[in-house]
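S.K.: sequence and predicted structure are below.
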Amino acid sequence: MPTMSEKILAKASGKDNVEAGDIVIANIDVAMTHDLTGPLSVESFEKIGAKNVWDASKIIIPFDHQVPADSIDSANNHIIMREFVKKYNIENFYDVNAGVCHQILPEQGHVVPGEVIVGADSHTCTHGALGAFSTGIGSTDMAMVFAEGNLWLKVPETNRFNITGDLKENVYAKDVILYIIGQMGADGSTYKACEFAGETISNMSISDRMVLCNMAIEMGGKTGLVEPDQKTIDYVKKHSNKPYKIFKTDLDSPSLNLIDIDVSNLEPQIACPHNVDNVKPISEVDQEIDQVFLGSCTNGRLSDLRDAAKILKGNKIAKDTRMLVIPASREIYLKALDEGLIKIFVESGALVSAPCCGPCLGGHTGIIGPDEVSLSTSNRNFKGRQGSPDGEVFLSSAAVAAASAIEGKIVAPGE
């Protein structure tokens, strides 16, 4: 009677079965670190005296957080990682022009169901949208993975969100996950696997499922998961030639907590400063804005760009508001060019930047200053997250971001 997480971790640790609370040594299928967290992993790897990496084909190194380099320190980080890539013949290196790590991994076929994926980035839980057990780890833990190819993990209990109801017009996956986080609180799923199930999820695209899993960490989750279905299989066939195994949760599992949520009457949701679980329906938010950021590993995908462009077409961004659009990957950027989306953004007055994390982490392009307000499609709104600690960050869907950019204040599409 195991859950998805228990089945995957049993397979990864060579056991017939494991239970929530067990400590296992899991073999890792994919290990990812990037330009910001990678240098510490490399430093720790060298300190432990490792002579080689366990498997150069299973290590993924994208540059995405500070690209192109915006300071001498970030340029030095890039040098450290490039030297590591060359020294150990890392096969899967994605330089400054590729895009955001959590988009690159599934897009380039590194993610398939049933695997254990670790990343030196907290939003690695994104990849559970394809039925993998995927979680963020520390840079020093990553050094041990580089050397040994395994890592100890405590098998988590599972919160399974059974989501039902048809979403209203202009309500999206981002609104669903913000609502759930608002209800659960920032610690409502601490060290638990967050499974997203039900008819609403079945109707969602893989991109939308990635949004849900991406933000599982914002309610304390160890990972986010969606059971593989035909949409998953079709996506994997298109992007990967890796073998895989599908696991699903037994609903009579003793470590499973079922939570029913009806989203039929849900309106657009806004996460207000300075915590992601400070969520309000948009009808209760009255806020002028200085900047809009459309992008990130949460909402920088093609569907998000389409949603925003549909609203922005033929309109202009408000006089005292600026908008920054950053596609999540080069592949998405090219498709957006082909569809004319980039032209719409530029004509509306938005600034379109090359694929990267942008202002999401507060360490690169597009940060806000003191007392400025940002409306962002990203996943965190803590103090200083997008620049000045005296600024404020609100979180929304791509459609709300576009409509708000036109009005210069937070509004729902169609208002």
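M.R.: Nice, I can see it.
S.K.: which stretches of the stretch 1-150 of the chain form strands?
M.R.: For the stretch 1-150 of the chain, strands defined by DSSP state E, counting those that start in this stretch occupy the ranges 23-27, 30-32, 59-62, 92-94, 116-119, 133-136, 150-154.
S.K.: for Ile48, what are its contacts?
M.R.: Neighbour list for Ile48: Ala143, Met144, Ala147 [criterion: C-beta atoms under 8 Å, 6 or more residues apart in numbering]. Where C-beta positions appear, they are placed from N, C-alpha and C, glycine not excepted.
S.K.: go through those residues and flag which are in helices.
M.R.: Ala143, Met144, Ala147 (DSSP state H).
S.K.: flag every buried residue along the top helix by length along the chain.
M.R.: Counting residues, the longest helix found in the chain (DSSP H) is helix 72-87. For helix 72-87, the neighbour count (16 or more other C-beta atoms under 10 Å) marks Ser74, Asn77, His78, Ile80, Met81, Arg82, Phe84, Val85 as buried.
S.K.: and that helix, what does it pack against?
M.R.: In this structure, helix 72-87 makes packing contacts with helix 38-47, strand 59-62, judged by 3 or more C-beta pairs under 8 Å, 6 or more residues apart in numbering; DSSP states H and E.
S.K.: how about the ones you listed in CSV, adding mean neighbour count?
M.R.: CSV is the format used below for the helices and strands packed on helix 72-87 (neighbours: other C-beta atoms under 10 Å):
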stretch, mean neighbour count
helix 38-47, 19
strand 59-62, 25
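S.K.: that older thread, who wins on neighbours among the contacts of Ile48?
M.R.: When neighbours are counted by other C-beta atoms under 10 Å, Ala143 leads those with 22 neighbours.
S.K.: and the residue nearest the centre of the protein?
M.R.: The chain has Asn214 as the residue nearest its centroid, 3.7 Å off, counting by C-alpha atoms, centre = their mean.
S.K.: so which strand or helix has it?
M.R.: In this structure, Asn214 sits in helix 206-214 according to DSSP states H and E.
S.K.: same deal with Leu324?
M.R.: Using DSSP H and E, Leu324 sits in strand 322-325.
S.K.: who touches the next helix or strand after that strand?
M.R.: Note on strand 322-325: by DSSP H and E, the next helix or strand toward the C-terminus is helix 330-338. By C-beta under 8 Å, 6+ apart, the residues outside helix 330-338 that reach it are 97-99, 103, 107, 300-302, 305, 327, 342, 354-355.
S.K.: hmm, 10 Å instead?
M.R.: Residues from elsewhere that reach helix 330-338 (C-beta atoms under 10 Å, 6 or more residues apart in numbering): 94, 97-100, 103-104, 107-108, 207, 295, 300-306, 309, 325-327, 329, 341-345, 352-355.
S.K.: circling back to that earlier point, just the buried residues of helix 72-87 now: which is nearest Val42?
M.R.: Nearest to Val42 out of the buried residues of helix 72-87 is Phe84 (C-beta to C-beta; 4.9 Å).
S.K.: quick one: the residue nearest to that closest one when sequence neighbours are not counted and Glu392, what's the gap?
M.R.: In this structure, Phe84 finds its nearest non-sequential neighbour in Val42, 4.9 Å apart by C-beta to C-beta, 6 or more residues apart in numbering. Distance, Val42 to Glu392, by C-beta to C-beta, to the nearest Å: 36 Å.
S.K.: list the buried ones in stretch 350-364?
M.R.: Of all the residues in stretch 350-364, those buried under the rule 16+ other C-beta under 10 Å are 350, 352-364.
S.K.: what's the mean pLDDT across it?
M.R.: Averaged over stretch 350-364, pLDDT sits at 86.
S.K.: one more: stretch 150-164?
M.R.: For stretch 150-164, mean pLDDT rounds to 97.
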